[in-house]
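# How does the following fold in three dimensions:
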Amino acid sequence: MVTDNPFIPLMDFLPPLFLRTYIILMVVAVAVGTLADMVHKGSATFFMQQRNKAKAASTRPLDAGARASLAVRTLLKEVATSGEFHNPKRRISHLLMFYGFLLYIVTTIVMAFGYPTGNVATPALLPMLWNLGAVMILAGGYWFFFFIRVNVAHEGHSPFHLMRADLFIVSLLASVSFALLWETVQAAGGRGAAQTLFGLYLFFTTLLFVSVPWSKFAHMFYKPAAAFQRRVEEADGSSTLPAPSQGPHKAV
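Residues are numbered from 1 along each chain as shown. Prediction:
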């Protein structure tokens, strides 16, 4: 099962272009949703105002090489290793979801566009990585949902006490959970049940990507930019924040 392209059997009841068209629409939905979120919250305007203010207050102008170095450090710490999380459990959970999501999305796109009909054999590694990515998302996501969320771990709320901030994690977990259920039932030969599960998979996947303006999805684009700007301000002397503590960090 884990070595078979799960999308090929869809061609028995869906047009060949369906999945590729759907993926393109979801990419557009994320782009439009992120822009709408920026306009609604004034994020872009605020960011540019802060950048211009910091530039005017700079006491140590940075050259291109220094900025490139700061960009690399941001990628290595805030993006690649989630170094902004001082709680090791939350950091591990986030990394599992982050790298799992990358594996899951990239392999979905490659299988949908590169091997859509089965006329060319799908390399076994692709569905294996697709399943691995899904498992990583669920491991990190359910760990976060039931044990690490602030309102659960620190405020004593039930994990099922949901707020708008939980829209992203709930839709992500539902989407990936139904993806694996659909794949399993489809491999077992349950066509009707598999089609129902695929419909639920599409529903929650669509919810995940079209709800960008109301969920935390857009944060994955804001956080690296904000982290880079913070490093620039610290380096050029324009930062108004206190210097970071050199002592042990308190877990959050």
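# So the nearest residue to F98 once chain neighbours are set aside, which state does it fall into?
Spatial nearest neighbour of F98, excluding adjacent residues (Cβ to Cβ, 6 or more residues apart in numbering): S82 at 6.9 Å. Just so you know, the C-beta spots here come from the backbone N, C-alpha and C atoms, and that holds for glycine as well. Secondary structure state of S82, per DSSP: H, G, I helix; E, B strand; the rest coil, is coil.
# Got the phi and psi for S82?
S82 adopts backbone torsions of phi 50, psi 50, taken as degrees, to the nearest 10.
# ok, it - contacts?
Residues counted as contacts of S82 (Cβ atoms under 8 Å, 6 or more residues apart in numbering) are 91, 94-95, 98.
# Go again with 10 Å.
Applying Cβ atoms under 10 Å, 6 or more residues apart in numbering, we find S82 in contact with 90-95, 97-98, 223.
# ok, it to R231 distance?
Using Cβ to Cβ, to the nearest Å, S82 is found at 16 Å from R231.
# can you count the residues close to Q195?
17 (other Cβ atoms under 10 Å).
# now A134
When neighbours are counted by other Cβ under 10 Å, A134 registers 22.
# same question for the helix or strand where it lies, mean pLDDT?
Secondary structure assigned from DSSP states H and E places A134 in helix 125-143. Across helix 125-143, pLDDT averages out at 97.
# by contact count, what packs against it?
For helix 125-143, the packing partners by 3 or more Cβ pairs under 10 Å, 6 or more residues apart in numbering; DSSP states H and E come out as helix 88-114, helix 167-188.
# Does V30 lie in a helix or a strand, and which?
Under the criterion of DSSP H and E, V30 resides in helix 18-41.
# mind listing what's buried in that helix?
Using 16 or more other Cβ atoms under 10 Å as the test for burial, helix 18-41 gives 19, 22-23, 26, 29-30, 33-34, 37-38.
# next structured bit after it?
Helix 18-41 is succeeded, C-terminally, by helix 43-57 (DSSP H and E).
# Report the angle between that following helix and helix 18-41.
Put simply, helix 43-57 runs at 60 degrees to helix 18-41, going by axes from the mean of the first three to the mean of the last three Cα atoms, to 10 degrees.
# deepest of the helices and strands packed on helix 125-143, which one?
helix 167-188 (a mean of 20; mean count of other Cβ atoms under 10 Å).
# For the worst-scoring helix or strand of the chain on mean pLDDT, which helices and strands make contact with it?
Least confident helix or strand of the chain, by mean pLDDT, DSSP states H and E, is helix 150-153 with a mean of 70. Applying 3+ Cβ pairs under 10 Å, 6+ apart, we find helix 150-153 packed against helix 88-114.
# what packs against the helix it packs on?
Helices and strands touching helix 88-114, by 3+ Cβ pairs under 10 Å, 6+ apart, are helix 18-41, helix 125-143, helix 150-153, helix 167-188.
# Low-confidence stretches in the stretch 151-252 of the chain?
Residue ranges of the stretch 151-252 of the chain with pLDDT under 70: 153-156, 218-219, 221-222, 241-252.
# where do the helices sit along it?
Using DSSP state H, counting those that start in this stretch, the helices found in the stretch 151-252 of the chain span residues 167-188, 191-210, 219-236.
# distance between the longest one and the chain's centre?
Helix 167-188 has its average C-alpha position 16 Å from the chain's average C-alpha position, going by Cα atoms, centre = their mean, to the nearest Å.
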